[in-house]
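**Q** Give me a 3D structure for the following:
(2 chains)
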Number of protein chains: 2
Amino acid sequence: MFRNQSSLRRYANRFISRSSTALASLNRPTEIDVQELLKLLNNRPNGVLVAEDGVSEDLTRYNHDWTNQYKGNSRVVVRPQSTAEVSRILKYCNSRMIGVVPQGGNTALTGGSVPLDCEVVLSLEKMSDIHSLDPTTGILTCDAGCILQNLLDFAAAKDHLVPVDLGAKGTCQIGGNISTNAGGSFYFRYGSLHANVVGLEVVLANGDILDMGCTTANLKDNTGYDMKHLFIGAEGTLGIVTRAALLCPRLPPSRCTTLLACDSFDNVLNVLEIAKKSLGEILAAFEFIDGPAMNLVCQTQSKPLPLPASQDCPYYVLVESHGSCAEHDQAKMDKFLNILYEEDYVVDGVVAASLEQMNAMWYLRESCNPSCVSSGYVYKYDVSLPIPEFPRFVEELKEALNDRTFCSLDYFNWGHVIDGNLHCNVVCRGNFETNSSLRERIDRYVFEGVEKRGGSISAEHGLGQQKRKYMAKLHGSETLSKMYDIKRLFDPNRILNPGKYLPEDCR
Amino acid sequence: MFRNQSSLRRYANRFISRSSTALASLNRPTEIDVQELLKLLNNRPNGVLVAEDGVSEDLTRYNHDWTNQYKGNSRVVVRPQSTAEVSRILKYCNSRMIGVVPQGGNTALTGGSVPLDCEVVLSLEKMSDIHSLDPTTGILTCDAGCILQNLLDFAAAKDHLVPVDLGAKGTCQIGGNISTNAGGSFYFRYGSLHANVVGLEVVLANGDILDMGCTTANLKDNTGYDMKHLFIGAEGTLGIVTRAALLCPRLPPSRCTTLLACDSFDNVLNVLEIAKKSLGEILAAFEFIDGPAMNLVCQTQSKPLPLPASQDCPYYVLVESHGSCAEHDQAKMDKFLNILYEEDYVVDGVVAASLEQMNAMWYLRESCNPSCVSSGYVYKYDVSLPIPEFPRFVEELKEALNDRTFCSLDYFNWGHVIDGNLHCNVVCRGNFETNSSLRERIDRYVFEGVEKRGGSISAEHGLGQQKRKYMAKLHGSETLSKMYDIKRLFDPNRILNPGKYLPEDCR
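**A** Next up is the predicted model:
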């Protein structure tokens, strides 16, 4: 494990990296620290991973985000197997003023799970026990490091559904989902994690373990300030989520999926309105993919568009229902589609006739991201907007960026239209390097466009490293001041995920 | 308004009441304070109500709770008409160290909205504007003093449903619902207020106004710590809720209601399981009323039990579905009832054939509380339990209290069985005075019974004055310590709702 410890000794000075403000008061981990951390994990093989001298080859996956935008230089990764171990690690790092970056599946988009420099990475990947699923209440209790797909499979085998589902489900971990308040495709039907997390266990920077309804896991508990919500979406800056109790609904016995093509965004809105009326309580997802994104996916993934009559339509819509009675659900879906055709709201549409076809439709949606990434550097934006504003927002962005860049820009947009959540992607085609001045320019236009429409610059992907600098514009000084107070309360030494979330000038 | 101000002058000393610890550091409002408060409300007639000399006749309704358990002695009630006025009042009271008790409809059960002694009551009753309902998102924005029934009516006229509904809806105010995290009868279907409050405006003790997503009101906003959740269920001890943005689903076009009689609690559980399977996504409420409570209601309200074959059944169940298609919903309900009869899970059942019959069924459920109150002093308990434990819990309580009281005790139980929420009522028949030693004895048994089953001693009615003393037993010292920290952060002078919620020894 310790192939060359001298490299760590050389780093044993105060952080003097590019992120000097956030790290200025923290120490780099030394060789002695590594030995102490290893002792805290009972000298377990691979409990602590240490980089080789000079380059961090072994630790690359902990130091990079998949969008190739953020890169850390951590040389120490700790992998606890229990809450008690997490507590011991944090207590030690807090006493030594060592920065700690909690990391789940590292699938985020804003650099929240990537170290700035050589902080210790605390990976939850070895804490993946699923503890129970109560058949009466549907409450599932599990460790933070559980991969979402494993939870979905476990719950499904017991006739339940984990109420969060997203493209990264094969990699992301539930602790990360909770810490970023991941929305996902079925948010409209099942609600946010604030709605579904009924208990949380969290370890604070000083090693204190807070059990906030995780052990008792009651559907209703009105005793005391409901502090668990502070940790939902806090990106590990207030404490590390180690365990969760999630309310899981019954698995819907019937699912219907349809892919539709619309010739205008007005018709997307018309389809949405009819879906709400016709599908009612079984409406589970209403996603949109714009024409360029759909074409890119079909080309990149070599998949034919399953709607022959709709080539080059500007908008595609994926609608899914989750219900308890196949016959009723099919009748509702038929009614929905009949109205769409009668009213000429869609150019073409296809209903999945099998699970395979259903998965193929979702594959198109979930391939939007990787297809973009494979075609150039992607400047990704995740915003909330009043739904009718989606096209105007994109048009204004295009106009603003027109002729002002060194490379040819393409625009690919998709998202959870029913939640007002637009994923807007500006791709510098053929160029795979990020360009900070271009990023700043796009950031500014996006931010201003969202602000003037009363939206949110982060709908479900949090703040991380990318968006923290806008916080002062987003919230009143009183609100922001209280956020600083809360940070100070839970992590006074600011060792947790330093340089993320709140702006630099955190007092 | 100032009929005799000398009475106030006499109170202008430090609080030395029965609640000495909580009020020890606070000042009674003086005549000068009243004049200053009146100025802050632009000398508006009835902006400030002041009690007459000696007795607080005019202010009785602000000083009493309806269960006749809690009684304050407030002589000053302020009634702001805007958030700015709330801010000015709190800033003044904070600077003068005067306790402030926020009050909505005053329908709570644990004394949270009643002053301990002569704190200023801040009534939200004059802040009742409904601002908007966005037809695309369903987000309703309103002032905290809106009466819930008015919101339900307003939303219904716009084809939407406010996702909280309870017996006190004609009196309770939405700010109070939020501040107590009221559950209500449709919690299972629509979720908690943590799920549905998308924005909140709150005034802190120092007068700072926090707008936490209330103005922008996006369905998804992941920018910064989601602090609004701290105020949901905090009973006004951290700040005063002045405005809210609530996510309202579409009004279900179809409602079916059925009342069933079961000869055992096992069969109640069987009915619950079949309801979840047969009704699925349209299952909206699953309430139970035990036999003694149903008999009491029928006698007290002079209403016949609409189930002739089920006299003296030990359990009655009220099931309601909310769906989008009457034909489908009726088919699901028929299937549900057929299974129940085939399996002999119910003794008798009746389906409401009209809105009138539906309302009559709900009248029985909502009359449980007033029927109890009219028959003797009611020791009311609102607990969460593992659902199968309901009958054993009640039996143990009866055994524990058997032959140990001065009066004859009756037990009437009902609740939201689907949420694990039991409303347990011990009635001292014919005696309308509370007895503190009896209360303490029942409290102890209830608390111990709930604790050993891993439940919660407050499912939806909060802590108020009644349950705060148990907090130290309910939460670990680390969790409780953080609750104190948060209280100190938002209300350092402890002027807000003093003597409630957190135990006396709040540092």
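**Q** and the closest residue to chain B within the stretch 1-150 of chain A, how many residues sit next to it?
**A** Taking CB to the nearest CB, chain B has its nearest neighbour within the stretch 1-150 of chain A at A:Thr136, 5.5 Å off. For glycine as for every other residue, the C-beta is placed from the backbone atoms N, C-alpha and C. Neighbour count for A:Thr136, taken as other CB atoms under 10 Å in any protein chain shown: 15.
**Q** Tell me who's in contact with the residue nearest to it when sequence neighbours are not counted.
**A** Nearest residue to A:Thr136 in three dimensions, chain neighbours excluded: B:Ile387, at 5.5 Å (CB to CB, 6 or more residues apart in numbering or on different chains). Listed by CB atoms under 8 Å, 6 or more residues apart in numbering or on different chains, the contact partners of B:Ile387 are A:136-137, B:269, B:272, B:417-418, B:420.
**Q** quick one: pLDDT of B:Ile387?
**A** With respect to pLDDT, B:Ile387 scores 95.
**Q** Endpoints of stretch A:181-196, how far apart?
**A** In stretch A:181-196, first residue to last residue: 11 Å (CA to CA, to the nearest Å).
**Q** Let me see the mean pLDDT of it.
**A** On average, stretch A:181-196 scores 95.
**Q** if we can go back for a sec, can you tell me which of the contacts of B:Ile387 is closest to B:Met294?
**A** Using CB to CB, B:Val417 comes nearest to B:Met294 of the contacts of B:Ile387, at 14.1 Å.
**Q** For burial, what's the neighbour tally of that closest one?
**A** By other CB under 10 Å, neighbour count at B:Val417 equals 25.
**Q** Kindly state the pLDDT recorded for it?
**A** In this model, B:Val417 carries a pLDDT of 95.
**Q** now it, nearest residue through space, not along the chain?
**A** Nearest one to B:Val417, counting by CB to CB, 6+ apart, is B:Phe288 at 4.3 Å.
**Q** What helix or strand is the one you found located in?
**A** Per DSSP states H and E: B:Phe288 is located in strand B:283-290.
**Q** now A:Ser113
**A** Going by DSSP H and E, A:Ser113 is not in any helix or strand.
**Q** Wait, it touches A:Val101, no?
**A** Yes - using CB atoms under 8 Å, A:Ser113 is in contact with A:Val101, at 6.9 Å.
**Q** quick one, which of those two is more surrounded?
**A** A count of neighbours by other CB under 10 Å puts A:Ser113 above the other of A:Ser113 and A:Val101, at 30 against 27.
**Q** show me the contacts for that one.
**A** Contacts of A:Ser113 by CB under 8 Å, 6+ apart are A:65, A:101-104, A:106, A:176, A:235-236, A:464.
**Q** dump the residue contacts of the residue of the stretch 1-150 of chain A closest to chain B.
**A** For A:Thr136, the contacting residues are B:269, B:386-388, by CB under 8 Å, 6+ apart.
**Q** A:Asn177 too?
**A** A:104, A:148, A:164, A:166, A:193.
**Q** Now do stretch A:143-163: distance to the chain's middle.
**A** Average the C-alpha atoms of stretch A:143-163, do the same for its chain, and the two points are 17 Å apart (CA atoms, centre = their mean, to the nearest Å).
**Q** Excluding residues flanking it in the chain, which one is nearest A:His423?
**A** For A:His423, ignoring the flanking residues on the chain, the nearest one in space by CB to CB, 6+ apart is A:Gly415 at 4.3 Å.
**Q** May I ask which helix or strand encompasses the one you found?
**A** Assigned by DSSP H and E, A:Gly415 falls in strand A:409-416.
**Q** Can you give the distance from the helix or strand following that strand to the centre of its chain?
**A** For strand A:409-416, the following helix or strand on the C-terminal side (DSSP H and E) is strand A:421-429. With CA atoms, centre = their mean as the basis, strand A:421-429 stands 16 Å off its chain's centre.
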